[in-house]
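In: predicted coordinates and the sequence they were generated for:
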Amino acid sequence: MKISNYLCPSCAKGKTGVIDTFHPANLPHSFIIGRRRECKACGYRFTTYELTRERIARLFRLARLPEQIKQESRRIIQALMDLAEIEKETKKQ
């Protein structure tokens, strides 16, 4: 398990490890990667969602085209909001 410096949302310590990496199956956005993490200090597990390098590179290439970058940014933000909502609903069940 690779140790990273993501802050734990429970205890705010900086040592967490990646347990699992996945592409969210319920969304068709292949540019988002989900990672299950575990805090080494308190054992709390949480999920992070990250953009792939390819998508970030594409955003920088589109920087010269203001309207396209705005549309791309909106799609990414909407996809992340959808993931957060799905995770929230899953935890309620």
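Out: All right, it came through fine.

In: sketch out the low-pLDDT regions of the protein for me.
Out: Across the chain, the ranges flagged by pLDDT under 70 are 1-3, 25-30, 59-66, 68-69, 91-93.

In: can you tell me the element the most centrally placed residue in it falls in?
Out: Centroid check for the chain by Cα atoms, centre = their mean gives Tyr49 as the closest residue, at 0.9 Å. Here Tyr49 sits within strand 45-51, counting by DSSP states H and E.

In: where's the residue nearest to the centre of the chain relative to Asn5, distance?
Out: Distance, Tyr49 to Asn5, by Cβ to Cβ, to the nearest Å: 17 Å. Using the backbone N, CA and C atoms, a C-beta is placed for each residue, glycine as well.

In: same check, this time on Thr48
Out: 12 Å.

In: what does Tyr44 give?
Out: Between Tyr44 and Asn5 the computed distance is 16 Å (Cβ to Cβ).

In: that older thread, can you name every helix or strand that the strand holding Tyr49 contacts?
Out: Contact here means 3 or more Cβ pairs under 8 Å, 6 or more residues apart in numbering; DSSP states H and E; on that basis strand 45-51 packs against strand 32-39, helix 66-92.
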